[in-house]
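>>> quick one, structure for this:
(one chain, ligands or ions: 1)
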Amino acid sequence: MYDLEDAVLSRRSTRLFLRDKPVPQDVVTEALELAVRAPSNSNIQPWRVVFASGPARGRLVEALLEEADKGDPQVPPLPAEFAHFRRDLGATLYGSMGVARHDAEARRIAVRRNWEFFRAPLAAVVCMHRDLGYADALGVGMFLQTFMLALTARGVGSCVQVSIAGYPDVIREQLGVAEDMRILCGVSIGYPDRDFPANSLDVPRSPLADNVTFLDG
Ligand SMILES: Cc1cc2nc3c(=O)[nH]c(=O)nc-3n(C[C@H](O)[C@H](O)[C@H](O)COP(=O)(O)O)c2cc1C
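Numbers count the residues shown, from 1 in each chain. Okay, here's the model as predicted:
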């Protein structure tokens with residue numbers, strides 16, 4: 001079993017999974033039992049998660065790909081001052097996949113893998129009641145990080161995907177998500193393909209001083 005620091009440091013967003021190696025249900029349940037220990041506002045436990053595997057996952061992917069071929073997802077644009085983060089990540093990520101900077105078609109193919117859950121045998125969609133707010137979204141985030149760390153400690157990879165929330169109607173129809181639920185993101189879950197270089201990418205972080213202030217006196 002990993003200790004916490006090992007799990008934090010070895011978790012990576014996995015963007016290619018072993019298609020034919022399902023995650024045992026007891027492993028997922030164990031990770032979820034740990035994840036629900038996350039704190040939340042008034043102990044509301046605002047996370048709602050729908051998992052799809054097997055034919056249910058297949059139907060979801062088929063419907064998402066069909067929609068992706070029709071038009072772009074409804075993902076809010078990044079404010080201009082943050083756009084450089086996406087550019088930097090794109091350069092690092094697609095570079096590691098061997099996609100040239102201006103090769104729009106190769107990029108499109110790589111991005112399209114989002115809607116295939118990167119071949120993960122287990123797809124999850126994370127929701128929260130639409131009347132809850134930012135404080136509750138924090139609780140969902142804490143649940144998700146705990147879930148992913150618990151999966152990491154069990155050798156299971158994951159990737160959070162806001163891109164999945166870009167086609168809410170498809171998700172609602174395929175997974176029966178009610179109208180009073182806000183769809184926050186997807187999560188791909190499975191065993192990482194260790195031969196895929198982008199899976200071992202160490203995406204850099206900003207220096208602490210960029211984001212954290214200590215006041216004393
Ligand atoms: C809320 C959220 C949404 C994300 N959406 C996507 C996504 O749609 N597609 C994707 O490939 N990665 C997505 N990611 C993964 C981030 O790109 C990744 O966490 C970040 O670049 C840091 O890399 P690391 O997770 O490997 O440490 C998302 C992560 C979070 C937390």
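
>>> next SSE downstream of the strand ranked longest in the chain?
For the chain, the longest strand by residue count, based on DSSP state E, is strand 181-190. Counting by DSSP states H and E, the next helix or strand C-terminal to strand 181-190 is helix 208-211.

>>> around the ligand, pick out the residues from this structure.
Residues of the chain lying near the ligand by Cβ under 6 Å from any ligand atom: R12, S13, R15, L89, N114, C159, V160, Q161, V162, S163, C185, V203. (C-beta placed from N, C-alpha, C; glycine too.)

>>> can you give me the pLDDT of the second one?
It stands for S13. We have a pLDDT of 98 for S13.

>>> okay, now it: neighbour count?
18 (other Cβ atoms under 10 Å).

>>> what backbone torsions are found at the nearest residue to T146 once chain neighbours are set aside?
Closest residue to T146 apart from its sequence neighbours, by Cβ to Cβ, 6 or more residues apart in numbering: A35 at 4.4 Å. When quoted as degrees, to the nearest 10, the phi and psi of A35 stand at phi -60, psi -40.

>>> distance-wise, check A35 relative to the ligand.
Look at A35 and the ligand: by Cβ to the nearest ligand atom, to the nearest Å, they are 15 Å apart.

>>> in a strand, that's where V50 is, yeah?
Yes: using DSSP: H, G, I helix; E, B strand; the rest coil, the assignment for V50 is a strand.

>>> pLDDT value on it, please?
Model confidence at V50 (pLDDT) stands at 98.

>>> tell me where this structure has strands.
48-52, 122-129, 157-161, 181-190.

>>> confidence score at E67?
pLDDT at E67 comes out at 97.

>>> now the strands of the chain as JSON lines including mean neighbour count?
What follows is those, written out as JSON lines (neighbours: other Cβ atoms under 10 Å):
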{"stretch": "strand 48-52", "mean neighbour count": "18"}
{"stretch": "strand 122-129", "mean neighbour count": "22"}
{"stretch": "strand 157-161", "mean neighbour count": "24"}
{"stretch": "strand 181-190", "mean neighbour count": "23"}
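
>>> of those, which is nearest N199?
Across these, N199 has its closest neighbour in strand 157-161 (7.1 Å, Cβ to Cβ).

>>> just the CA coordinates for the closest one, please, in PDB.
Extracted C-alpha coordinates of strand 157-161, given in PDB (Å, rounded to 0.1, in the frame of the first residue of the first chain):
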ATOM      1  CA  GLY A 157      -5.100   5.400 -13.400                       C
ATOM      2  CA  SER A 158      -7.600   8.200 -13.900                       C
ATOM      3  CA  CYS A 159      -8.200  11.500 -15.700                       C
ATOM      4  CA  VAL A 160     -10.700  14.200 -14.800                       C
ATOM      5  CA  GLN A 161     -12.400  15.600 -17.900                       C
END
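
>>> by contact count, what packs against that strand?
helix 134-153, strand 181-190 (3 or more Cβ pairs under 8 Å, 6 or more residues apart in numbering; DSSP states H and E).

>>> in CSV: these, plus mean pLDDT.
What follows is these, written out as CSV (pLDDT from 0 to 100):
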stretch, mean pLDDT
helix 134-153, 98
strand 181-190, 98
